[in-house]
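Trainee: Next one to model:
(one chain, ligands or ions: 1)
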Amino acid sequence: MNKDEFLAKYAVERRNTNSVKWDGMEVEFGSADFYPLWIADTEFKLPESAVQALQKRVAHGAFGYSITPDGYYDAYFKWQKERYGIELHKEWLRFGTGVVQSLSTLVQFLTAPGDAIMLMEPVYHPFRHVIEDQGRKVVANQLVEIEDEYRMDLDKMEEEIIANDVKLLMLCSPHNPVARVWSEEELTDLLELCRKEQVLVISDEIHHDLLPTGKKFVSALSIKDGFYRDNLIMVDSPSKTFNMASLLISHVVIPNPQLRDRYDQQQNLLHAPAGNLLGMVAGQAAYRDGADWLEGLLDLVRFNYEYLKIHLQAAFPTIKLTEQEGTYLAWVDLSTVVKPGQLKHIVQDEAHLAVNFGEMFGKSGAGHIRVNLATTPENLQAAVSSLVKTLQENQA
Ligand SMILES: Cc1ncc(COP(=O)(O)O)c(C=O)c1O
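Mentor: Numbering: from 1, shown residues only. Here you go, the predicted model:
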C-alpha cells in the first residue's frame, strides 16, 4: 500500500476522542491549537482486520477473565520469524500491560536498590524514570555523534561499567530518539562487552517494525544464533507499530529459565495483570494481516521525513537531521539556528509546535527537537511552515 491509499483509508480525526496528543495538548503545552507532533502515537486506525476483530469481540459483550489464545502466539511468532528471522517459544513469553510497566517490573527483580543501571543518552526518558523511581542509580553513557550519525562508545562504556559496578544495561533498539537501527556488528560488540562484564541486558525492541529506509533490523535475541540469550531479556509490543497503546499489551521474552522464574515470582508479588484481552484480539489480527498496512505507514513516514528535511534545510542549510533508519520520530538539531535557552520559546510559544524537546532525553539532547512523523502531511507541513517562518523572523 502506498501513502495515499493509507491516508485515504486510515487517517482519522483524533480531536475530542480523549487522545493525549490532541486533547491533552492544552494541559501539556498551554494551547489546544498547536501543531501536535509530540507523544509517540499516530493519527491512523489499526489495520481493517484488527478493527473488525475488535468489533466482533466487543459485540459478544462478555469480558470475564480470559486466557491468551494460541492464535496470538502463532501470529506474533510468525511475524517475528518471517520478517526478522527471530525464533521464539511459547514458554519464553510473558505479557504485561505496557512496555514501560514491564521495564519497571524487570528493574525490580533484576536489581536491588542502589544498584547501577546503564542507559545510552539521549534516550527515551522513561528509562531514567523507571531506574530512579525505584532507588537505583543511573549511569548515563553518552552516544557519540560521528559524521551526523550516533554511535555507541564501547570503550567509554566499559570504563563506566567497571567504575560503577553496573549490573544492568537498558538498550533501546531501534533507538528513540536518535533513529538509529543498530547493526549486527554494533550489537555483537555490545553484547560481548556485557557478557564479559556480567551485565544483564534488557533490549527494548518496541520500534523494530518501524524501518522507513528498509535498513535490516536484528534482534539482540538473534545475535550469534542466540549466543547471548541467557544474559538478556527482550521487550516489545504491537502497540507502537499498529497504534494501539491504549489497548495495554506488552511482551516480555525471557529465554533464561532462572530469570523467568524470578520474573514470575515478581509478577505474583505485584499481582500484576498479564496483558489485556482486547490488545490480544487486535494484535493477533494485526500481526496476521497488517504487513500491507505497515508498508503504507512507512511510505508516509518516508514522505514526511523528506518534506521536513528538504524544507528545513532549504531555509537553513545548517539544520541537521539524523537518517531516519528506525522509528517514526525525527531527531532535529536546531542548535545552529537557535540560541541556547531560546528553543522552547521559539518552537513552542512562537511557532506553536507541540514537540518533545531534546533535553527531555538527556542533557546531550539540548538544542534538538523530536518530531513525530506519523501524522498527516497537512499537520506536518503546516508545522514546518510555521517553524521556518518563525526562525526566519528571529534571524532577521
Ligand atoms: C523505547 C520505547 N519503549 C517503550 C515505549 C512505551 O511503551 P508502552 O506504551 O507500551 O509503555 C515507547 C513509547 O514511545 C518507547 O519509545
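
Trainee: And the residue sitting nearest the centre point of the chain, its phi and psi?
Mentor: The residue lying closest to the centre of the chain (Cα atoms, centre = their mean) is residue 207, at 4.6 Å. For residue 207, the backbone dihedrals (degrees, to the nearest 10) come out as phi -90, psi 10.

Trainee: Test my guess that it contacts residue 325.
Mentor: No - under the criterion of Cβ atoms under 8 Å, residue 207 is not in contact with residue 325, lying 10.2 Å apart. Quick note: C-beta positions are derived from backbone N, CA and C, even for glycine.

Trainee: Pop out the phi and psi values for the residue nearest to residue 98 when sequence neighbours are not counted.
Mentor: Leaving out its chain neighbours, the residue that sits closest to residue 98 by Cβ to Cβ, 6 or more residues apart in numbering is residue 250, at 5.3 Å. Here is the backbone geometry of residue 250 (degrees, to the nearest 10): phi -140, psi 160.

Trainee: so who does residue 250 touch?
Mentor: For residue 250, the contact set (Cβ atoms under 8 Å, 6 or more residues apart in numbering) comprises 95-99, 101-102, 235-237, 239, 275.

Trainee: Redo those residues as CSV? Include distance to the ligand, pLDDT and secondary structure.
Mentor: Shown next, in CSV, are those (distance: Cβ to the nearest ligand atom, whole Å; pLDDT from 0 to 100; DSSP: H, G, I helix; E, B strand; the rest coil):
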residue, distance to the ligand, pLDDT, secondary structure
95, 11, 97, strand
96, 8, 96, strand
97, 8, 96, coil
98, 3, 96, coil
99, 4, 97, helix
101, 6, 96, helix
102, 8, 96, helix
235, 8, 98, strand
236, 9, 98, strand
237, 5, 98, coil
239, 5, 98, helix
275, 11, 84, coil
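
Trainee: which non-adjacent residue is nearest residue 381?
Mentor: In space, residue 381 is closest to residue 307, 6.4 Å off (Cβ to Cβ, 6+ apart).

Trainee: host element of the one you found?
Mentor: Per DSSP states H and E, residue 307 falls inside helix 291-315.

Trainee: after that helix, next one along is what?
Mentor: Remark: after helix 291-315, the chain's next helix or strand is strand 320-321, criterion DSSP H and E.

Trainee: Adjacent strands (with direction) for that following strand?
Mentor: strand 329-333 (antiparallel) (DSSP bridges).

Trainee: what does the strand it pairs with rub up against?
Mentor: Outside strand 329-333, the residues that touch it by Cβ under 8 Å, 6+ apart are 40, 176-179, 305, 308-309, 312, 319-322, 324, 358, 367-373.

Trainee: Can you get me a residue count around the closest residue to the ligand within the stretch 151-300 of the chain?
Mentor: Here the stretch 151-300 of the chain gets closest to the ligand at one residue, residue 176, 4.0 Å apart by Cβ to the nearest ligand atom. Residues near residue 176, counting by other Cβ atoms under 10 Å, number 26.

Trainee: Quick check, pLDDT for it.
Mentor: Looking at residue 176, its pLDDT is 98.

Trainee: Show me where the stretch 101-250 of the chain has its helices.
Mentor: Secondary structure of the stretch 101-250 of the chain (DSSP state H, counting those that start in this stretch): helices at 126-132, 154-164, 184-196, 239-242.

Trainee: Can you tell me the closest non-neighbouring residue to residue 270?
Mentor: Nearest residue to residue 270, sequence neighbours excluded (Cβ to Cβ, 6+ apart): residue 105, at 6.7 Å.

Trainee: follow-up on the earlier one: in a markdown table: the helices of the stretch 101-250 of the chain, plus mean neighbour count.
Mentor: Output for the helices of the stretch 101-250 of the chain, formatted as a markdown table (neighbours: other Cβ atoms under 10 Å):
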| stretch | mean neighbour count |
| --- | --- |
| helix 126-132 | 19 |
| helix 154-164 | 15 |
| helix 184-196 | 17 |
| helix 239-242 | 24 |
